[in-house]
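Novice: What follows is a protein structure lacking sequence information:
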Ligand SMILES: NC(=O)c1ccc[n+]([C@@H]2O[C@H](COP(=O)([O-])OP(=O)(O)OC[C@H]3O[C@@H](n4cnc5c(N)ncnc54)[C@H](O)[C@@H]3O)[C@@H](O)[C@H]2O)c1
Ligand SMILES: O=c1ccn([C@@H]2O[C@H](COP(=O)(O)OP(=O)(O)O[C@H]3OC[C@@H](O)[C@H](O)[C@H]3O)[C@@H](O)[C@H]2O)c(=O)[nH]1
């Protein structure tokens, strides 16, 4: 099987590469523009005979002969997707069209990594795939939320109109080693702050909730979705729900009991609650996350200490 992973130099993408490369029958091609990803994440595969890395921006067409496409390319951290919002929209819309065009041309199956952000600031809780969401179409997060919603629409229209084999995953907050140190997302921020001995910055009010999935669980879900018969959309996330204050307390307890917790200002349109309804993934993919937050957080510590150059406690 020859497999293309767009965004494969990023956090989730590089873990997916690791898993797919374990199978000696797979050849893996990564296409990435290194906006938020890095060659470092793939260093153990560079030079391997079954692996290829291409510097490529998905807003441009790509021609490669492949059997499957995991389409991940898109900045995921709010700081980075808001940095150049027009580019984020182009990546989601033109990028997804380009990859669908490739899938059509070579007859490949294509999986889109959509997001729980398509539910916006959800009025239904937990969120099932049947919920249409509560999204601000003109806000600062819209380039990402609405961009992913259009990407999903494109996937289903190419499927209905051209018979393309599609898979759509709606990923909930995922964390683990290799997240960018300055990524800006809450788990990597708190771990980096705890390792550096700096205050943990909880954005107000701190009662907003998220459900955090460890990256190995998520990758397993993506592979099951890609290779199963169901097109989705299917929620992939861990149903354990925590307030940001609870997350900060947990990081403090597990990583550095000496740090303070500091309340800081939040950003506009921050969703107030989020938790996946996992029934579809359980039933159709026989998938359930295994790693709890308390187990997963310490697994990031060594990677962050090494990259930050901070010795063990
Ligand atoms: N991590 C999460 O919690 C989460 C949640 C929901 C959805 N997702 C989705 O999963 C995917 C991967 O997320 P991640 O957490 O690994 O983020 P990431 O930022 O670490 O990885 C994204 C990768 O895409 C690349 N990229 C960005 N724009 C590109 C472009 N125009 N052309 C080519 N490459 C481009 C980046 O350089 C990076 O390597 C994204 O599509 C994201 O929307 C992630
Ligand atoms: O330092 C911080 C950073 C963030 N936060 C809070 O933590 C919560 C989560 O924020 P993050 O930036 O980690 O992530 P978000 O949940 O907003 O978006 C995320 O979810 C879905 C994915 O598609 C996106 O890629 C991802 O970034 C927010 O309520 C935010 O206000 C803090 O309290 N402190």
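Specialist: Right, received. Where do you want to start? What you see is a predicted model, and the numbers here were worked out from it, not measured in a lab. Ligands and ions are numbered 1, 2, ... in the order given.
Novice: Which positions in the stretch 51-200 of the chain make contact with ligand 1?
Specialist: Counting by C-beta under 6 Å from any ligand atom, the stretch 51-200 of the chain comes close to ligand 1 at 57-59, 72-76, 91, 95, 113, 115, 171, 173-174. Where you see a C-beta, it was placed from the backbone N, CA and C, and this is true even at glycine.
Novice: Residue numbers of the stretch 201-313 of the chain in contact with ligand 2?
Specialist: Going by C-beta under 6 Å from any ligand atom, the residues of the stretch 201-313 of the chain near ligand 2 are 201, 202, 203, 208, 210, 244, 266, 270.
Novice: tell me what the helix or strand where the fifth one lies is packed against?
Specialist: Assigning secondary structure by DSSP states H and E places residue 210 in strand 209-211. In terms of contacts (3 or more C-beta pairs under 8 Å, 6 or more residues apart in numbering; DSSP states H and E), strand 209-211 is packed against strand 241-243, helix 244-255.
Novice: Tell me which of these is the most buried.
Specialist: Of all the helices and strands packed on strand 209-211, helix 244-255 carries the top mean neighbour count, a mean of 19, counting by mean count of other C-beta atoms under 10 Å.
Novice: Identify the residues contacting that helix?
Specialist: Helix 244-255 is contacted from outside by 186-187, 190-191, 194-195, 200, 202-203, 206-210, 212, 242, 259, 261, 293-294, 297-298, 301, using C-beta atoms under 8 Å, 6 or more residues apart in numbering.
Novice: on that earlier part again, just give the strands next to the strand holding residue 210 in its sheet, each with its orientation.
Specialist: Sheet pairing of strand 209-211 (DSSP bridges) gives strand 241-243 (antiparallel).
Novice: Is the strand or helix carrying residue 192 positioned near ligand 2?
Specialist: Residue 192 is part of helix 186-196, with elements assigned from DSSP H and E. Yes - against ligand 2, helix 186-196 shows contacts by C-beta under 6 Å from any ligand atom at 186, 189.
Novice: helices or strands next to whichever helix or strand comes after that helix in the packing?
Specialist: Next helix or strand after helix 186-196 toward the C-terminus (DSSP H and E): strand 200-203. If contacts are counted by 3+ C-beta pairs under 8 Å, 6+ apart, strand 200-203 sits against helix 186-196, helix 244-255, strand 261-264.
Novice: Residue 143 - that's part of a helix, no?
Specialist: Yes - inclusion of residue 143 in a helix is indicated when DSSP: H, G, I helix; E, B strand; the rest coil is applied.
Novice: rewinding a little: how far is the helix holding residue 192 from where the chain is centred?
Specialist: With C-alpha atoms, centre = their mean, to the nearest Å as the basis, helix 186-196 stands 18 Å off its chain's centre.
Novice: again with stretch 118-131
Specialist: On C-alpha atoms, centre = their mean, the centre of stretch 118-131 falls 18 Å from the chain's centre.
Novice: buried residues in that stretch?
Specialist: Within stretch 118-131, the residues that count as buried by 16 or more other C-beta atoms under 10 Å are 118, 119, 120, 121, 122, 126, 127, 129, 131.
Novice: could you redo the residues you listed as TSV and give each row pLDDT, secondary structure and distance to residue 224?
Specialist: Formatted as TSV, the buried residues of stretch 118-131 follow (pLDDT from 0 to 100; DSSP: H, G, I helix; E, B strand; the rest coil; distance: C-beta to C-beta, whole Å):
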residue	pLDDT	secondary structure	distance to residue 224
118	98	helix	21
119	98	helix	22
120	96	strand	27
121	96	coil	29
122	97	coil	25
126	98	coil	21
127	98	strand	20
129	98	coil	16
131	98	coil	22
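Novice: Which pair in those has the greatest spatial separation?
Specialist: 121 and 129 (17.6 Å; C-beta to C-beta).
Novice: for residue 280, helix, strand, or coil?
Specialist: Classification of residue 280 by three-state DSSP places it in helix.
Novice: I'd like to know how far it sits from residue 147.
Specialist: Distance of residue 280 to residue 147, given as C-beta to C-beta, to the nearest Å: 23 Å.
Novice: who has more neighbours, those two?
Specialist: Neighbours were counted for residue 280 and for residue 147 using other C-beta atoms under 10 Å; residue 147 has more, 26 against 20.
Novice: How about that one: what's its closest non-neighbour residue?
Specialist: residue 92 (3.1 Å; C-beta to C-beta, 6 or more residues apart in numbering).
Novice: elements contacting the helix or strand hosting the one you found?
Specialist: Residue 92 is part of helix 85-106 when elements are defined by DSSP H and E. With contacts taken as 3+ C-beta pairs under 8 Å, 6+ apart, helix 85-106 sits against strand 2-6, strand 68-71, strand 109-115, helix 142-162.
Novice: Would you mind putting these into TSV with mean pLDDT alongside?
Specialist: Output for those, formatted as TSV (pLDDT from 0 to 100):
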stretch	mean pLDDT
strand 2-6	98
strand 68-71	99
strand 109-115	98
helix 142-162	98
